[in-house]
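Novice: The sequence isn't on hand, but the structure is:
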């Protein structure tokens, strides 16, 4: 029992000394120099490991295991994943770019529900993303049906109802701007009317202009202690978007929802999300009621070199 606790606490790497050939490849790829050659065999000589799994992936003899890595995170309900590593330069970049360009924000969905197992598959796809120091402190809160999504939408609408009431007061906007807090004034100019019109339509017709009639949603957050939590969360989110497209689903990032959660912690509390977690992205998920004929281009990117 004591050894198991020690392994978990220190992200231990287990090396089968009988199987180890002493090739040293695991030592070469270890980013924290946690492994060394001892008596012609690789051994863990430091507890600085970040559990990245490089050593396990590179070992030709299969002698290395990182116990804290969970094999069940590669068990998918929607498909059977391949386990062979793809060497750089051997995957068709044209196919990769075609997938990326084909994924579009979806704002029209069918009535079909999304199985919970599929939502969990999307999370597992998401966590194949890299994270700072491999901390993997991301969290995923699933809203699996339209009832839970509507409850969430009501919380978001309540936030914007209060925000719009404040933004509608010119004295408040101008006063805050004078003391260097121009966010409310900027919101009024950029979003006030659009949000107000959407809330009026919500109240009159029940039409969902926030989640566009999606069947479910995934809230991507982070536990404390991550070195770059927002970046980690958005990398995982991008994986979710691409994974959803490959599974026949449509997605849309709901910026108004994530912005509301970042400013009003009571929303996440109402959803049962621990208050210490940071909120970074809200992804609407459903089966798309849209068919496109081709991929399109992007705006011209700013590209610069800095040399010398």
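Specialist: Right, received. Where do you want to start? All figures in this text were calculated on a predicted structure; none of them were measured in a lab. Numbers count the residues shown, from 1 in each chain.

Novice: Which of the residues in the top helix by length along the chain are classified as buried?
Specialist: Counting by DSSP state H, the longest helix found in the chain is helix 146-167. Across helix 146-167, burial judged by 16 or more other CB atoms under 10 Å covers 146, 149, 152-153, 155-160, 163-164, 167. Just so you know, the C-beta spots here come from the backbone N, C-alpha and C atoms, and that holds for glycine as well.

Novice: do stretch 236-251 as well
Specialist: Within stretch 236-251, the residues that count as buried by 16+ other CB under 10 Å are 236-245, 247, 249-251.

Novice: related to what we said a few turns ago, now the element after the longest helix of the chain, going C-ward?
Specialist: For helix 146-167, the following helix or strand on the C-terminal side (DSSP states H and E) is helix 170-178.

Novice: Packing partners of that following helix?
Specialist: helix 183-190 (3 or more CB pairs under 8 Å, 6 or more residues apart in numbering; DSSP states H and E).

Novice: Show me what the helix it packs on packs onto, helices and strands only.
Specialist: Taking 3+ CB pairs under 8 Å, 6+ apart as the contact cut, helix 183-190 packs with helix 146-167, helix 170-178.

Novice: What residues sit buried inside the following helix or strand past it?
Specialist: Per DSSP H and E, the first helix or strand lying C-terminal to helix 183-190 is helix 192-205. By 16+ other CB under 10 Å, the buried positions in helix 192-205 come out as 192, 195, 198-199, 202.

Novice: Could you identify the least confident member of those?
Specialist: Minimum pLDDT for the buried residues of helix 192-205 is recorded at residue 202 (83).

Novice: Please tell me how far that one sits from residue 267.
Specialist: According to CB to CB, to the nearest Å, residue 202 stands 17 Å off from residue 267.

Novice: just residue 250 next, same as before
Specialist: Computed as CB to CB, the residue 250 to residue 267 distance reads 24 Å.

Novice: Residue 109 too?
Specialist: Taking CB to CB as the measure, residue 109 falls 23 Å from residue 267.

Novice: of those two, who's got more company?
Specialist: Using other CB atoms under 10 Å, the more surrounded residue of residue 109 and residue 267 is residue 109, with 25 against 20.

Novice: Enumerate every residue touching the nearest residue to the more buried one once chain neighbours are set aside.
Specialist: Spatial nearest neighbour of residue 109, excluding adjacent residues (CB to CB, 6 or more residues apart in numbering): residue 286 at 3.7 Å. Counting by CB atoms under 8 Å, 6 or more residues apart in numbering, residue 286 touches 106, 109-110, 112, 114, 213-216, 249-250.

Novice: Now residue 43: phi and psi?
Specialist: phi -140, psi 150 (degrees, to the nearest 10).

Novice: Contacts only, for it.
Specialist: 15, 17, 35-37.

Novice: Now flag whichever of the buried residues of helix 146-167 is closest to residue 122.
Specialist: The shortest approach to residue 122 among those belongs to residue 149, at 15.3 Å (CB to CB).

Novice: Find the residue closest to the closest one in space, skipping its chain neighbours.
Specialist: residue 143 (4.9 Å).

Novice: my guess is that neighbour meets residue 215, correct?
Specialist: No. Counting by CB atoms under 8 Å, residue 143 does not reach residue 215; the two are 9.6 Å apart.

Novice: one step back: now the residue nearest to residue 109, what are its backbone angles?
Specialist: For residue 286, the backbone dihedrals are phi -180, psi 180 (criterion: degrees, to the nearest 10).

Novice: Quick check, pLDDT for it.
Specialist: Checking the pLDDT column for residue 286, the value is 98.

Novice: Kindly report the same for residue 1.
Specialist: You'll see residue 1 listed with a pLDDT of 34.

Novice: And residue 258, how far from residue 252?
Specialist: On the measure of CB to CB, residue 258 and residue 252 end up 12 Å apart.

Novice: Please name the residues that touch the residue nearest to residue 284 when sequence neighbours are not counted.
Specialist: Closest residue in space to residue 284, ignoring its immediate chain neighbours: residue 214 at 3.7 Å, by CB to CB, 6+ apart. Neighbour list for residue 214: 106, 109, 149, 250, 252, 284-286 [criterion: CB under 8 Å, 6+ apart].
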